[in-house]
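A.B. asks: give me a model of this one.
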Amino acid sequence: MASPTFTLTPSTAHPPNNSTILITGGASGIGLATALYLHTLSYKNNIVVLDRAPNPSPPLQALLKHEPCRLLYLPCDITSWTSQRAAFATAAKHFGHLDHVFVNAGVAEIGEQIFTDHKDRNGELAEPDRTTIDVDIRAVGDSLKLAIHHLRLNSSSSPSQNPCSGSGAGKGGSIIMTASLAGYLGSAGAPLYSAAKHGVVGYLRSLRTDCATLGISLAVIAPGITLTPIILGRKPGQSLTSWGEEMGGQGVPINSAETIALVVAYAMGLGSRGNGKGFLIQGDRVQEVEEGLARSRDRWMGKEMLGLFRGGRGAGLFPNKL
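C.D. replies: Numbers count the residues shown, from 1 in each chain. Modelled structure (predicted):
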């Protein structure tokens, strides 16, 4: 049985307070909306924004002008391990530690890479452009690694004595990842994007149990069409608002970036209760879907296959390294 849908408002999202929150891809779109909401004065959060833009966008510049002590902007190429590693380390050192990480940076499908044959300089079939894969899933793995390293609850032994103890400053917290409706249902027009976002959901399902033992809550948001700059298909000069009105008139459920920001904040604020959750968002309405999918396994797997799976779960095929 599916869980009920719900809506959120700034007064019902119940975000974390007095926390340090790092956001990748925070200069525009969903990331920016989340940074602005979580930076609200009454919450007293420190916000770290990582983005490939060399300078903060105007809304962030305004925050830096009026309250610079609670906002840190770090230009970062998330496809570079050394760039991300340095940015996370700088953020943790600047504020003492990290409490929450929003793994959000992403790009849309770039061109048509599967059915269209491009030629290289030698007239041979050209290598596909893998930018979407590099940003939307490979870099996500790097962000996850770094987030776990800095958030995980640490043992009493020092990091030098225990190489598995993380940064040494971790107090637990949450990691929220941006997946997509395409990460659950796929999109025929965006195969690389869909594959990458399915991978984000795969990270959730494979890491949530181990993350819980480290004091980390792991969740995903899965927005449908959301009015952000990565939207494709607009006419030349057409604004996001105009495009959204046009699509909405044709029955397409449209989200605002501000709604997605509320869901991110809500997921962080749940603490350990948010671990393993997947929030589907369409038309500014929200539904948690992972629990319903787990409860319905006997229907989509069949009782025989579910029984076989459960029978082998304790075999230790993949020993836990924690």
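A.B. asks: could I have the helix or strand containing I221 exported to CSV, CA atoms only?
C.D. replies: For I221, the element it lies in under DSSP states H and E is strand 216-223. The C-alpha trace of strand 216-223 is given here as CSV (Å, rounded to 0.1, in the frame of the first residue of the first chain):
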residue,chain,number,x,y,z
ILE,A,216,24.2,8.8,9.2
SER,A,217,20.8,9.0,7.8
LEU,A,218,20.7,8.6,4.0
ALA,A,219,17.8,9.6,1.8
VAL,A,220,16.9,10.7,-1.7
ILE,A,221,14.6,13.2,-3.2
ALA,A,222,13.1,12.3,-6.6
PRO,A,223,11.6,15.4,-8.2
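A.B. asks: list the helices and strands it packs on?
C.D. replies: Counting contacts by 3 or more C-beta pairs under 8 Å, 6 or more residues apart in numbering; DSSP states H and E, strand 216-223 packs against helix 139-151, strand 173-178, helix 191-213, helix 257-269, strand 278-282. For every residue, glycine as well, the C-beta is placed using N, CA and C.
A.B. asks: where does the prediction get shaky in this protein?
C.D. replies: 1, 155-164, 316-322 (pLDDT under 70).
A.B. asks: for it, just list every one of the strands.
C.D. replies: 20-24, 46-51, 71-75, 100-103, 173-178, 216-223, 278-282, 285-288 (DSSP state E).
A.B. asks: reformat those strands as CSV; add mean neighbour count and distance to A196.
C.D. replies: Below are the strands of the chain laid out as CSV (neighbours: other C-beta atoms under 10 Å; distance: least, C-beta to C-beta, whole Å):
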stretch, mean neighbour count, distance to A196
strand 20-24, 28, 15
strand 46-51, 27, 19
strand 71-75, 19, 23
strand 100-103, 29, 12
strand 173-178, 27, 11
strand 216-223, 26, 13
strand 278-282, 23, 16
strand 285-288, 19, 22
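A.B. asks: my read: V49 touches G26, true?
C.D. replies: Yes - contact status for V49 versus G26: in contact at 3.5 Å, counting by C-beta atoms under 8 Å.
A.B. asks: overlap in contacts, the two.
C.D. replies: Common contacts of V49 and G26, defined by C-beta atoms under 8 Å, 6 or more residues apart in numbering, comprise 35, 60.
A.B. asks: mean neighbour count, the helices and strands packed on strand 216-223: which tops it?
C.D. replies: strand 173-178 (a mean of 27; mean count of other C-beta atoms under 10 Å).
A.B. asks: and the angle for that one with helix 191-213?
C.D. replies: 170 degrees (axes from the mean of the first three to the mean of the last three C-alpha atoms, to 10 degrees).
A.B. asks: what helices and strands are in contact with strand 173-178?
C.D. replies: Looks like strand 173-178 contacts strand 100-103, helix 139-151, helix 191-213, strand 216-223, helix 257-269 (3+ C-beta pairs under 8 Å, 6+ apart).
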